[in-house]
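Chemist: missing the sequence, but the structure's below:
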């Protein structure tokens, strides 16, 4: 940024004689910098009238604006339907690098020192085809870990403790995606109910790390120490070769709907920062009370500046954008893939090489945009989630009462990279495949509950989706029935196997690797308790599931045919693509009827890598989606002399030996199961 940029250096910049605060407001008549006493956060020691330039930037200088200083903004302006100025309200600087909580639901901005010794540690820069995302909650991941010192559990430092890093390495994931860590607070409704916003999708400030996730020592030492602990976490994870991706919530803020808190944007320039109609009523496409107005260039700039700060100063490797369709809505509140913000995020040189992942929907009109983001974006693929859940769960449930409703064709398309959703130019890596996430059933609950059990959320079980595509396998919730338990555990192995053997970028949810349960709650956003924390005391079956998770991730890592960068094209050699052949149970090429008939739920998927940076690799995956065993004839394929079985979802424990089979040989396949072979 430079002085020729009219919106350069917003926020506080320190110099030899104190500091300068720059705040943008188009509609304010007056803006004031307020500085507080070192010890009393409510004692105003100095106020400075800020001056406005022709671009709407208000500036104020003070020798008292130094590192560690708490400060606020006050703004006055006209009374209009779209603005709610109050010159007495103390407001947060939108660009504050640190916050201090001074009372219930009251905060002050804090001047921080960004200096940090990275010790030469750089970003791991994991290639996308090798990326495995592990979605986790900072507090919930380490809060119960017995090998993490008690004072570090549930903190940034705890997440980077050697015990946690050892688990991530042992499992084989490459990139930790953290639920929101921008400073946030709980909604007024939850506070009144005695609940909290545990997930963090209620942002106060887009530049400050959430202080309560720091250790008590860092919190007591102030915003500087909180930021240092956060950077220390990133540094240690990077030293271990693990990326850090942040789940960011730019679509709405904690100021909620009309009558909600006035903590920052609402008091500085409500008309510009939030979408409203001419009467001042909020246009809400997020379902959270307000929507940030990305039809206006200044909120767009705020997002870019925030991303630059986290990517450069804090060395973050990627971002997952909550309700990202909101970021692509123009002045008419219509989504367009040509929206300048969506392209600015990709084109900014300061963000080159940073992974950008969209949650490609919101709750407004035209809000479902899976597959419709610009080239360079990666998207959560809800179509993948739904099809895979259907195939292994709701279809099986239906088939117990009638015939299976659909065949295997749609499932195969998802397995192969969702080419019907993502263009050839974007390729399979545009798809972030997932079966579970923070929002919804855990993997264990997906196979154990037919319906949600959210009464503890205080909304009479009305919240959370009813469209879970789950299957309890014969009993709702906990059971001692050995047959049901065995079916559930195999179903989890099938779901994990599908996820980790599919083309695209897989995302796992923390704890799914060993079957964590939330007792059927599919919307546990308001529970900060053992219900949502990852437990580290495991039963034998959980150790077995963890062993399968490790094995599957190892197989993905060592078989490039499972992770193509591009879609193959007929008659053309496409480097780093996988050429895919499809066979039926008899080893013959799949017919049109095989693809479409609900009677066929068995296939053999043969994938050959097109070498570019790795050796030639060929795999064969057998998928059988019926609750009775069968036999398949292994296909004849040019150059293949043997198939070595490297994984079988029917095994309670992954087999250590690789059994070898010949092309044309018949192989027994258990009911509802998968087998993976390496072709040699």
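Modeler: Looks like it arrived, so ask away. Model, not experiment: these values are computed from the prediction.
Chemist: Shouldn't residue 343 be within a helix?
Modeler: Yes: assigned with DSSP: H, G, I helix; E, B strand; the rest coil, residue 343 falls within a helix.
Chemist: Who are the contact partners of it?
Modeler: residue 374 (C-beta atoms under 8 Å, 6 or more residues apart in numbering). Where C-beta positions appear, they are placed from N, C-alpha and C, glycine not excepted.
Chemist: Tell me the spacing between it and residue 461.
Modeler: As judged by C-beta to C-beta, to the nearest Å, residue 343 and residue 461 stand 42 Å apart.
Chemist: next one: residue 190
Modeler: For residue 190, the distance to residue 461 - C-beta to C-beta - is 17 Å.
Chemist: Need the three-state assignment for the residue lying closest to residue 344 once chain neighbours are set aside.
Modeler: Of all residues not flanking residue 344 in the chain, residue 304 sits nearest, at 5.8 Å (C-beta to C-beta, 6 or more residues apart in numbering). What three-state DSSP gives for residue 304 is helix.
Chemist: What pLDDT does the model give residue 304?
Modeler: Note on residue 304: pLDDT of 98.
Chemist: swap in the one 3 residues further on?
Modeler: Residue 307 is assigned 98 on the pLDDT scale.
Chemist: Now whatever helix or strand it lives in: buried residues?
Modeler: Per DSSP states H and E: residue 307 is located in helix 297-308. Neighbour-count burial for helix 297-308, counted by 16 or more other C-beta atoms under 10 Å, picks out 298, 299, 300, 301, 302, 303, 304, 305, 306, 307, 308.
Chemist: Dump the residues you listed to CSV, plus distance to residue 617.
Modeler: Putting these into CSV (distance: C-beta to C-beta, whole Å) gives the following:
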residue, distance to residue 617
298, 50
299, 46
300, 43
301, 45
302, 45
303, 40
304, 40
305, 43
306, 41
307, 36
308, 39
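Chemist: Looking at those residues, spot the one nearest residue 354.
Modeler: residue 307 (7.6 Å; C-beta to C-beta).
Chemist: which residues sit in contact with that closest one?
Modeler: Neighbour list for residue 307: 248, 319, 345, 348, 351, 354 [criterion: C-beta under 8 Å, 6+ apart].
Chemist: Could you do residue 231 as well?
Modeler: So residue 231 contacts 116, 118, 314, 315 (C-beta under 8 Å, 6+ apart).
Chemist: ok but it is inside a strand, no?
Modeler: No: counting by three-state DSSP, residue 231 is located in no strand; its state is helix.
Chemist: mind giving me the domain ranges of the chain?
Modeler: Using automatic domain parsing, the domains assigned to the chain come out as 11-110, 575-679.
Chemist: Could you export these as CSV, including distance to residue 278, mean neighbour count and mean pLDDT?
Modeler: Formatted as CSV, the domains of the chain follow (distance: least, C-beta to C-beta, whole Å; neighbours: other C-beta atoms under 10 Å; pLDDT from 0 to 100):
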stretch, distance to residue 278, mean neighbour count, mean pLDDT
domain 11-110, 7, 18, 97
domain 575-679, 52, 17, 97
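Chemist: returning to what we had before: identify the farthest-apart pair in the contacts of residue 231.
Modeler: 118 and 314 (10.3 Å).
Chemist: out of the two, which sits in the busier spot?
Modeler: residue 314 (19 against 12; other C-beta atoms under 10 Å).
Chemist: so the more buried one touches residue 234, yeah?
Modeler: Yes: assessed by C-beta atoms under 8 Å, residue 314 is found in contact with residue 234 at 6.2 Å.
Chemist: The residue lying closest to residue 255 once chain neighbours are set aside: what secondary structure?
Modeler: Residue nearest to residue 255 in three dimensions, not counting chain neighbours: residue 266, with 4.7 Å by C-beta to C-beta, 6+ apart. Look at residue 266: counting by three-state DSSP, its state is helix.
Chemist: So residue 266 versus residue 41, what's the distance?
Modeler: 21 Å.
Chemist: Break down the stretch 551-680 of the chain into its strands, ranges please.
Modeler: 566-567, 577-583, 602-609, 618-624, 630-633, 643-648, 659-661, 666-669, 673-679 (DSSP state E, counting those that start in this stretch).
Chemist: could you dump the ones you listed to JSON lines with distance to residue 76?
Modeler: JSON lines is the format used below for these (distance: least, C-beta to C-beta, whole Å):
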{"stretch": "strand 566-567", "distance to residue 76": "57"}
{"stretch": "strand 577-583", "distance to residue 76": "61"}
{"stretch": "strand 602-609", "distance to residue 76": "65"}
{"stretch": "strand 618-624", "distance to residue 76": "66"}
{"stretch": "strand 630-633", "distance to residue 76": "76"}
{"stretch": "strand 643-648", "distance to residue 76": "67"}
{"stretch": "strand 659-661", "distance to residue 76": "78"}
{"stretch": "strand 666-669", "distance to residue 76": "74"}
{"stretch": "strand 673-679", "distance to residue 76": "65"}
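Chemist: could you pull out the helices for the stretch 451-600 of the chain?
Modeler: Taking DSSP state H, counting those that start in this stretch, the helices of the stretch 451-600 of the chain run over residues 482-501, 540-558, 592-596.
Chemist: Can you tell me which of the ones you listed is packed in deepest?
Modeler: helix 482-501 (a mean of 21; mean count of other C-beta atoms under 10 Å).
Chemist: got the angle between that helix and strand 643-648?
Modeler: In terms of direction (axes from the mean of the first three to the mean of the last three C-alpha atoms, to 10 degrees), helix 482-501 departs from strand 643-648 by 120 degrees.
Chemist: Check which helices and strands helix 482-501 sits against.
Modeler: Other elements packing on helix 482-501 under the criterion 3 or more C-beta pairs under 8 Å, 6 or more residues apart in numbering; DSSP states H and E are helix 382-389, helix 443-446, strand 505-509, helix 540-558, strand 673-679.
Chemist: With distance to residue 358 as added columns, please give those in JSON lines.
Modeler: As requested, those are exported to JSON lines (distance: least, C-beta to C-beta, whole Å):
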{"stretch": "helix 382-389", "distance to residue 358": "11"}
{"stretch": "helix 443-446", "distance to residue 358": "23"}
{"stretch": "strand 505-509", "distance to residue 358": "12"}
{"stretch": "helix 540-558", "distance to residue 358": "23"}
{"stretch": "strand 673-679", "distance to residue 358": "30"}
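Chemist: need the contact list for residue 47.
Modeler: Contact partners of residue 47, counting by C-beta under 8 Å, 6+ apart, are 32, 33, 34, 35, 74.
Chemist: Might you report the residue contacts of the residue nearest to residue 344?
Modeler: Contacts here follow C-beta under 8 Å, 6+ apart; on that basis residue 304 touches 341, 344, 345, 348.
Chemist: which one of those residues is nearest residue 490?
Modeler: Nearest member of the contacts of residue 304 to residue 490, counting by C-beta to C-beta, is residue 345, at 41.6 Å.
Chemist: Show me where the stretch 301-450 of the chain has its strands.
Modeler: For the stretch 301-450 of the chain, the strands defined by DSSP E, counting those that start in this stretch cover 318-321, 355-358, 378-380, 431-434.
Chemist: Please apply the same query to the stretch 1-150 of the chain.
Modeler: Using DSSP E, counting those that start in this stretch, strands in the stretch 1-150 of the chain cover 11-15, 18-24, 30-36, 44-49, 51-52, 57-62, 70-76, 98-103, 106-110, 133-136.
Chemist: Great, nothing more from me.
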